[in-house]
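Peer 1: sharing a sequence plus its predicted fold:
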Amino acid sequence: MSTQPQTEQPRLCILMNPGSGKQGGRSGMDDHVRAFAEERPHVTLREPAEGESLGDVAREVVAGGYDIVVAAGGDGTIGAVASALLQAGGETRLGILPMGTFNFFARSLGIPMDIDEALQVLVTGEAMPMSIGEVNGVPFLNNASLGIYPAILERREKVYRRWGRSRLAAYWSVLLTLAGFRRARTLRVSVDGVERRRRTPLVFVANSAYQLQEYDLDGASYIREGHFAVFLAPDVGRLGLMKFAVLLLGRSVRKHRDIEVLHGRKIEISGPGSRLVARDGEREKMTPPFRFVRHEDALRVIAPARPETEA
């Protein structure tokens with residue numbers, strides 16, 4: 001009597017960030033992930049303990065020899081795991097369980113927002129190459145920015161702590177930050193060797209075509225061609241920036257009139273003093289010049305299998 005050979009299951013480790021996402025309904029999502037791991041001997045669940053750095057835990061997990069490391073959280077969680085994978089090299093694949101507030105990266109890959117459907121993608125999906133950006137040696141997935149946006153993120157965390165995580169709270173933090181805005185700064189912006197001097201409150205470097213399409217912004221075609229899309233907000237003062245925010249939320253921003261859009265493969269931005277840089281919803285202090293480079297097909301990400309007609 002012959003026996004069918006058993007296909008060995010890839011070893012998965014799910015890194016679940018308890019600090020991600022909306023407060024309402026999050027506990028139910030966590031329970032589904034825990035049940036998924038408990039039912040499968042080849043799946044390990046890792047949750048950072050209080051006081052543990054997400055980046056340190058991500059590097060520990062990646063060093064564990066797993067076939068797939070799954071980031072369960074928002075874009076910041078995915079970025080931490082992606083950074084650890086990029087540093088380690090090797091063949092480890094990245095899986096994603098979207099449990100954040102916006103989940104731009106997951107949605108760009110067609111990963112379902114329903115947690116059970118997203119878990120199923122880890123079983124039935126296929127690995128596809130993804131390109132990532134880097135600023136001063138630190139990777140990012142969707143975008144990185146200088147100027148007022150890092151201040152918005154700082155205010156957003158305060159709003160979240162008081163009112164909980166939601167899109168409404170995120171939008172409210174934008175208006176609060178703009179209301180307290182003081183002044184723009186003069187920066188030197190070099191795109192593929194062509195330098196410009198601009199007085200601007202915001203430089204936004206985009207690496208996600210999907211995110212730009214979500215806000216009806218130009219630049220998605222540049223990213224598909226392997227470039228960054230670089231947005232320079234005009235120096236229009238506090239009221240002008242509030243108007244710009246309203247236009248952005250209303251999908252009414254016009255290229256060149258409301259914002260300057262550049263594109264290129266290598267970006268360098270310099271100006272006086274160190275400052276906060278925002279990356280995929282996280283922020284940290286860096287020293288100029290800020291050098292942006294793009295790594296083509298640097299990661300393999302588990303995404304829904306494509307129909308045969310698209311393969």
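Peer 2: In hand now; what should we look at?
Peer 1: residues contacting residue 90?
Peer 2: Taking Cβ atoms under 8 Å, 6 or more residues apart in numbering, we find residue 90 in contact with no residue. Where C-beta positions appear, they are placed from N, C-alpha and C, glycine not excepted.
Peer 1: helix, strand, or coil at it?
Peer 2: The three-state label given to residue 90 by DSSP: H, G, I helix; E, B strand; the rest coil is coil.
Peer 1: residue 80 and residue 283, how far apart?
Peer 2: Separation of residue 80 from residue 283 (Cβ to Cβ, to the nearest Å): 13 Å.
Peer 1: which of these two has more residues huddled nearby?
Peer 2: Between residue 80 and residue 283, residue 80 has the larger neighbour count (other Cβ atoms under 10 Å), namely 25 against 20.
Peer 1: doesn't that one lie inside a helix?
Peer 2: Yes. Residue 80 forms part of a helix when assessed by three-state DSSP.
Peer 1: just checking, it touches residue 58?
Peer 2: Yes. Using Cβ atoms under 8 Å, residue 80 is in contact with residue 58, at 4.5 Å.
Peer 1: residue 40: how many residues sit nearby?
Peer 2: 13.
Peer 1: ok, now residue 106?
Peer 2: Neighbours of residue 106 (other Cβ under 10 Å): 25.
Peer 1: same check, this time on residue 8
Peer 2: Neighbours of residue 8 under the rule other Cβ under 10 Å: 8.
Peer 1: that one belongs to a helix, doesn't it?
Peer 2: No. The assignment for residue 8, made by three-state DSSP, is coil rather than a helix.
Peer 1: distance of it from residue 64?
Peer 2: Per Cβ to Cβ, residue 8 is found 17 Å from residue 64.
Peer 1: cool, and residue 296?
Peer 2: On the measure of Cβ to Cβ, residue 296 and residue 64 end up 27 Å apart.
Peer 1: tell me where the stretch 51-200 of the chain has helices.
Peer 2: Here the stretch 51-200 of the chain has its helices, by DSSP state H, counting those that start in this stretch, at 54-62, 75-88, 104-108, 115-124, 148-163, 167-179.
Peer 1: any buried residues in stretch 133-149, and which?
Peer 2: 133-135, 138-149 (16 or more other Cβ atoms under 10 Å).
Peer 1: ok, back up a step: who has more neighbours out of residue 296 and residue 64?
Peer 2: Per other Cβ under 10 Å, whichever of residue 296 and residue 64 has more neighbours is residue 64, with 13 against 10.
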